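S.K.: coords below, sequence missing:
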């Protein structure tokens, strides 16, 4: 039968085996998890949210509509000049009015 001294020696050897072979594996796993957490944190901080994207698209749309209204006003004014000077006939003026982006009623 094993004596207490032998059991203690077996425990010490088993502890050494665990410390040399198993603990390094856990350390490697911890390092990989830490790296993964860092990557996820970086992705989350750089990620575009839906509300941010919605705001940017709304701003873009508003800017484009403003520019289109200015262009539409230019075309309408040009049509009025051509109409006042009797340079174009009714049919040509009607065709030009089809190019209006925001038609008047």
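M.R.: Structure's in. What do you need? Keep in mind that this is a model prediction, so the values were computed, not measured. Residues are numbered from 1 along each chain as shown.
S.K.: show me the shaky parts of the protein.
M.R.: By pLDDT under 70, the weakly predicted segments of the chain are 105.
S.K.: need the strands for the chain, in chain order.
M.R.: With strands called from DSSP state E, the chain shows none.
S.K.: can you give the domain ranges for it?
M.R.: Per automatic domain parsing, the structural domains of the chain span 1-47, 50-105.
S.K.: now the ones you listed in a markdown table, with mean neighbour count?
M.R.: Bear in mind the C-beta positions are built from the backbone N, C-alpha and C, glycine included. Shown next, in a markdown table, are the domains of the chain (neighbours: other CB atoms under 10 Å):
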| stretch | mean neighbour count |
| --- | --- |
| domain 1-47 | 9 |
| domain 50-105 | 11 |
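S.K.: so residue 93 sits right up against residue 79, yeah?
M.R.: Yes: between residue 93 and residue 79 there is a contact at 6.2 Å, judged by CB atoms under 8 Å.
S.K.: excluding chain neighbours, what is closest to residue 71?
M.R.: Once flanking residues are discounted, residue 71 sits nearest to residue 101: 6.9 Å by CB to CB, 6 or more residues apart in numbering.
S.K.: what of residue 69?
M.R.: Distance criterion CB to CB, 6+ apart; nearest residue to residue 69, sequence neighbours excluded, is residue 102 at 6.4 Å.
S.K.: for the chain, what's the longest helix?
M.R.: The longest helix of the chain (DSSP state H) is helix 50-84.
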